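**Student:** give me the fold of what follows.
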Amino acid sequence: MAQSASLDNEQIYQTVAREILHFRHKPGDMISENTLCQRFGVSRTPARSVLQRLQENGLVQIEPRKGSIVTRLSYDIVNQVIYERVAVESMVLRDFILTCTPADVERVRYALQQLQALSRVYYEDRVRFDSAQFLQTDYAMHEIWFQTTNKRFLWERLSGVQSSYTRFCTLDILEGDNVPDVLEEHTQMVELIDRRCTDGIELLMRRHLYGGMRRLSGLMFTKYAGYFEPLDQRDGAGI
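**Tutor:** Next up is the predicted model:
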């Protein structure tokens, strides 16, 4: 049944993009103009515009005479984004620890409490657990040390929606059972901040940010192999 025709292009785009990012449309699935027209009660022009924008952001690939296909994740891109985050965030967290005020520390502690509350939902009722909210709350805690050290541009660059990495993080929550690890590692970050200790920051960040690679290593090449672009020999050499 078509949804309300009052939806504009931005609302349609956000709806479909969100569905792709959270695997309601899986890599390799087709999304046609006709489907969007019928679902949202719009003509071909806005439907085509939405698909073009999805392609510009790496979420679909438009193939003439075939349709639009949800793109697959790139292992290589995911690996490079994680590498970048470890390098940059280790330095930013070190700067935060050396300069943060008691009020800054309380903001971090409150962010951890929010993450703990979501984790309790995860353990008590998986149906009510919201993976998107969990990822957003995870990011919110990291954002604090970027904001406090005046590194907002870097955070926006690292945390913006990225076709492969954002979906990889969601897959890690849904299938990697990452909640226990994420909660433990965020708790350890707070402990370092409380002790004003900069030793072991990079080691902790590597364990935290590469955790998805570790948890999903088997599934990426078996159950979810179809979600990823084929690896060439060079890409797979370091796995």
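**Student:** only C-alpha atoms for contact and neighbour calcs from this point on.
**Tutor:** Fine.
**Student:** right, and the helix or strand after the longest helix that the chain contains?
**Tutor:** Longest helix of the chain, by residue count under DSSP state H: helix 75-99. Next helix or strand after helix 75-99 toward the C-terminus (DSSP states H and E): helix 102-124.
**Student:** quick check: next helix or strand after that following helix?
**Tutor:** Following helix 102-124 in sequence, per DSSP H and E, is helix 131-148.
**Student:** who does that following helix touch, helix- and strand-wise?
**Tutor:** helix 75-99, helix 102-124, helix 152-159, helix 163-175 (3 or more CA pairs under 8 Å, 6 or more residues apart in numbering; DSSP states H and E).
**Student:** make it 7 Å
**Tutor:** Under the contact definition 3 or more CA pairs under 7 Å, 6 or more residues apart in numbering; DSSP states H and E, helix 131-148 sits against helix 75-99, helix 102-124, helix 152-159.
**Student:** please work out which of those is packed deepest.
**Tutor:** Comparing the helices and strands packed on helix 131-148 by mean neighbour count (mean count of other CA atoms under 10 Å), helix 75-99 ranks first with a mean of 18.
**Student:** dump the helices and strands packed on helix 131-148 into TSV; add distance to Val182 and mean pLDDT as well.
**Tutor:** Shown next, in TSV, are the helices and strands packed on helix 131-148 (distance: least, CA to CA, whole Å; pLDDT from 0 to 100):
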stretch	distance to Val182	mean pLDDT
helix 75-99	15	97
helix 102-124	9	95
helix 152-159	17	93
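**Student:** so which of those helices comes closest to Glu19?
**Tutor:** Closest of those to Glu19 is helix 152-159, at 18.5 Å (criterion: CA to CA).
**Student:** using CSV, write out the CA atom coordinates for that closest one.
**Tutor:** Output of helix 152-159 as CSV, limited to C-alpha atoms (Å, rounded to 0.1, in the frame of the first residue of the first chain):
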residue,chain,number,x,y,z
ARG,A,152,34.8,18.7,15.5
PHE,A,153,35.8,18.6,11.8
LEU,A,154,37.7,15.4,12.4
TRP,A,155,34.7,13.8,14.2
GLU,A,156,32.3,14.8,11.4
ARG,A,157,34.6,13.3,8.9
LEU,A,158,35.1,10.0,10.8
SER,A,159,31.5,9.6,11.9
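**Student:** and Leu204, which of the helices and strands packed on helix 131-148 is closest to it?
**Tutor:** Nearest to Leu204, of the helices and strands packed on helix 131-148 and by CA to CA, is helix 75-99 at 8.8 Å.
**Student:** any idea which residue sits dead centre in the protein?
**Tutor:** Nearest residue to the geometric centre of the chain (CA atoms, centre = their mean): Thr166, 2.8 Å.
**Student:** tell me how many other residues crowd the residue nearest to it when sequence neighbours are not counted.
**Tutor:** For Thr166, ignoring the flanking residues on the chain, the nearest one in space by CA to CA, 6 or more residues apart in numbering is Leu21 at 6.9 Å. By other CA atoms under 10 Å, the residues close to Leu21 number 24.
**Student:** how close does Leu21 sit to Arg72?
**Tutor:** The spacing between Leu21 and Arg72, counted by CA to CA, to the nearest Å, is 11 Å.
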